[in-house]
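> fold the stuff below for me.
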Amino acid sequence: MAASDDLIRIRQRARLLGALRAELDAGGFLEVETPALVGSPGVDRHIDAPSATVRSSTGSERRYLITSPEYHMKRLVAAGSGPIYQLGKVWRDGEAGELHRPEFTLLELYRPGSDHLALMTEVERLVREAARRLLPEPVVQRRGQICDLESGFARIRVRDAFRRWAGVDLARAGAEELGACAAGLGLAAPQRADRETLYHLLMGLAIEPQLGRLRGEFLYDYPADQCALAQVRPDPEFAVAERFELYVLGIELCNGFHELTDAVEQRRRIEAENAARVALGKEPYPVDEDFLAALPALPACAGMALGVDRLALLLFGWDTI
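Purely as a prediction, here's the structure:
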C-alpha cells in the first residue's frame, strides 16, 4: 500500500472514531478506560488471550491482554456509572484473515435499564448516524453487493433463519439431522461431528452469508446453549439466549446481550467454559472473583461490542481490516 493510501486510511479511521464518539456522547454515554493487562481475560473456549509476565517489587505474575473490556466495564456499571462506552484495542491470539487480526479496535458499551431488543434499536441508530456523517449517502458496497443503511434494519430469530436457509428446526434437530442438512447443502462436516460443531458449520456457511444483503440485519434470540454472557429466557419448546448480532453484507459487526446478572449462574458458565478449554487441550483461565462479586449489584442492562475495523472496512470500501 502506498504511503498516500496509508494516510487516507488513518484519516478515515480518525473520522469514524470521532463520529462514533459524537453519537455516543450525545446519547448520554460516558467514555471510560479500563485496564488492558488483566489477571483474567474472560473465559471462552474459542477465544485465546496473549499473555505476559509482569515483574514488580513484590515479584512477578502472569497477566493477559484483554479479549474484551467486559468484566471491568460491568464492574463500573455495578458501581453506578450509568451508561458507558469504551473505544480501544483488544487482543485475540491466533486470529488472522481479512476480517480477523490478533489486535483490533473494539467499541463496547453498556446501557442500564435496557434489554437486547431495545439495544438493537440503539445500535441501528448509531451505525446509521455514523454512516450519515461519513458518507455522501449511507450506502455501502462490497464485492458487487449493496446495502442501504438508511433503510430500517431487519430482524430475524435464529430459529427462523435456520428454517429459512437451512430447512431445519433447531428445536427438534439433533446431530444426525443437522449433519444430513449440512450434507444436503454440500457442506463438508467432520466425521462424527457433534451437534454444536454442526450448528456452527451451518451458521457460518449457510446462514451468515445471507444476512444484511440489502439492509442491515439483526440475528437474535440464539439457542440457550449459545448463551455466553446473556440471560436465558426459558421455554418448554425452545429456550433462547437473549442476545443478538448485527450483519451487513454477510459480515458480523457486533454482538449484544441482555446481560446476565446472576453470579451463581455466571460462575457455573465460567467453570463450564474452562472445562471445555481443557478438553480442547487449552489452558484454563483464572476466574475473575472481583467481577463475580460485583454482579449482584449490576442493574438490569444490555451491552454490546462492535468491531470498529470491520465497520471501517464497510464504510470506506477497504479490502481487509
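
> could you check the pLDDT of P209?
Looking at P209, its pLDDT reads 96.

> check the gap between the closest residue to it other than its chain neighbours and F316 for me.
With Cβ to Cβ, 6 or more residues apart in numbering as the measure, G250 is the residue that lies nearest to P209, at 4.5 Å, once sequence neighbours are left out. C-beta coordinates here come from the backbone N, C-alpha and C atoms, glycine included. As for G250, its distance to F316 is 18 Å (criterion: Cβ to Cβ, to the nearest Å).

> now the helices: where do they sit in the stretch 151-300 of the chain?
Using DSSP state H, counting those that start in this stretch, the helices found in the stretch 151-300 of the chain span residues 158-165, 175-184, 195-202, 263-279, 289-294.

> closest to F238 out of those helices?
Smallest distance to F238 across these (Cβ to Cβ): 6.0 Å, for helix 158-165.

> so the closest one versus helix 175-184, what angle?
Orientation note: helix 158-165 sits at an angle of 40 degrees relative to helix 175-184 (axes from the mean of the first three to the mean of the last three Cα atoms, to 10 degrees).

> could you list the buried residues of helix 158-165?
Under the neighbour-count criterion of 16 or more other Cβ atoms under 10 Å, helix 158-165 has 158-159, 161-162, 165 buried.

> what does it rub up against?
Helix 158-165 has contacts (Cβ atoms under 8 Å, 6 or more residues apart in numbering) with 156, 168-171, 202, 206-207, 210-211, 219-223, 238, 240.

> let's see 6 Å
Contacts with helix 158-165, where a contact means Cβ atoms under 6 Å, 6 or more residues apart in numbering, come from 168, 170, 206-207, 210, 219, 221-222, 238.

> state the mean pLDDT of it.
Confidence over helix 158-165, taken as the mean pLDDT, stands at 96.

> what's the angle between it and helix 195-202?
Calculated by the same axes, to 10 degrees, helix 158-165 forms an angle of 60 degrees with helix 195-202.

> in TSV: the contacts of helix 158-165, plus distance to E33 and neighbour count.
Formatted as TSV, the entries for those read as follows, by distance: Cβ to Cβ, whole Å; neighbours: other Cβ atoms under 10 Å:
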residue	distance to E33	neighbour count
V168	44	21
L170	40	22
A206	40	20
I207	36	20
Q210	38	16
L219	31	24
D221	33	24
Y222	30	24
F238	40	16
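
> I appreciate the help and will end here.
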